[in-house]
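Trainee: No letters, just coordinates:
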C-alpha cells in the first residue's frame with residue numbers, strides 16, 4: 001500500500017517532465033524555423049514522405065468511411081423518412097470530425113512510428129551527437145523539416161479524404177440505396193458552408209504538429225539500444241493517438257461555438 005502513492009507520484013512527475021520537454025522542443029522548433037540555413041531539399045523530402053507516401057492509405061480510409069457511414073445513416077434515417085438529409089450529415093461529419101481525425105491517426109501509425117524509429121536509431125548510434133559535433137543543430141536539421149511538412153501536408157490529405165469520403169457516400173446512397181442524387185447534393189450545399197471545411201483543415205494542421213512533435217521528442221530521447229527504440233516507437237503511436245483525440249475535443253469546443 002505504501003508503494004502505490006510513490007508509483008503515482010513518479011508517474012505524475014514523468015508526465016509533467018514530458019510535457020515540459022515537449023514545450024521546450026516546440027520552442028526550439030519555432031526558434032530554428034526562421035534561422036538560416038534553409039535546407040529546402042529536406043522540406044521537400046519530408047513533404048513527399050508524409051504527404052505522397054500517405055495518400056493511398058488516407059484515400060482508402062476516407063472512401064470506406066464515407067461508404068459505411070452512408071449505409072448506417074440511411075438505415076437510421078429511413079425510420080423517419082429523412083433519407084434526403086444523408087448527404088449533409090455525411091459531409092458535415094467528414095469535414096468537421098472524421099476526416100481530420102482519421103487522417104491524423106493513419107498518418108500517426110505510418111509516419112509517427114517511422115520518425116520515432118529513425119530518430120531513435122540515430123540517437124542510440126550517436127549520429128545525433130555527430131551532427132552536433134559538425135555544428136549542425138539536431139532540431140534545425142531533423143525536427144523542423146518534419147514538423148513543417150506535417151503541418152502543410154495533413155490539411156491536404158484531409159481535403160482528399162473529404163472528397164473521396166463524400167464521393168463514396170454519394171455512390172452508395174444514390175446508386176445502391178436509391179437516394180435521389182440531386183437532393184443528396186442540394187442538402188450538402190444547404191447545410192455545409194466554408195467554415196466547416198476550414199475548421200477541419202485547421203484541426204488537421206494542429207494534429208500534424210502534435211504527431212510530429214511527439215515522434216521527434218520520443219525519438220530524440222530514446223535510450224537503451226534496440227529495445228529503447230522500440231519502446232519510443234510504441235509510446236509515440238499511443239501518446240499521439242490519445243493527444244489527437246483529446247485535443248480534438250477542445251478544438252471542437254473552440255471552433256464551433
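Mentor: Good, I have the coordinates. If you're wondering where the values come from, they're calculated on a predicted model, not measured in any experiment.
Trainee: Return the residues in contact with residue 126.
Mentor: Counting by C-beta atoms under 8 Å, 6 or more residues apart in numbering, residue 126 touches no other residue. From N, CA and C alone the C-beta is placed, and that goes for glycine too.
Trainee: I meant residue 223, not that one.
Mentor: 123, 124.
Trainee: For residue 143, give me its contacts.
Mentor: So residue 143 contacts 25, 28, 29, 32, 212, 213, 216, 220 (C-beta under 8 Å, 6+ apart).
Trainee: I'd say the third one and residue 146 touch.
Mentor: No - no contact is recorded between residue 29 and residue 146 when judged using C-beta atoms under 8 Å, the distance being 9.4 Å.
Trainee: Please identify which of these two sits among more neighbours.
Mentor: Taking neighbours as other C-beta atoms under 10 Å, residue 29 and residue 146 compare with residue 146 leading, 29 against 20.
Trainee: I'd like the distance from the helix or strand containing that one to the chain centre, please.
Mentor: Element membership of residue 146, judged by DSSP states H and E, is helix 144-170. Distance of helix 144-170 from its chain centroid, counting by C-alpha atoms, centre = their mean, to the nearest Å, is 9 Å.
Trainee: which other helices and strands contact it?
Mentor: When contacts are defined as 3 or more C-beta pairs under 8 Å, 6 or more residues apart in numbering; DSSP states H and E, helix 144-170 sits against helix 3-33, helix 40-50, helix 55-77, helix 86-93, helix 99-107, helix 181-191, helix 194-220.
Trainee: cutoff 10 Å now
Mentor: On a contact count with 3 or more C-beta pairs under 10 Å, 6 or more residues apart in numbering; DSSP states H and E, helix 144-170 meets helix 3-33, helix 40-50, helix 55-77, helix 86-93, helix 99-107, helix 113-124, helix 181-191, helix 194-220.
Trainee: Mind listing what's buried along the first one?
Mentor: Meaning helix 3-33. 18, 22, 25, 26, 28, 29, 32 (16 or more other C-beta atoms under 10 Å).
Trainee: List just the nearest of those residues to residue 137.
Mentor: Nearest to residue 137 among the buried residues of helix 3-33 is residue 32, at 6.2 Å by C-beta to C-beta.
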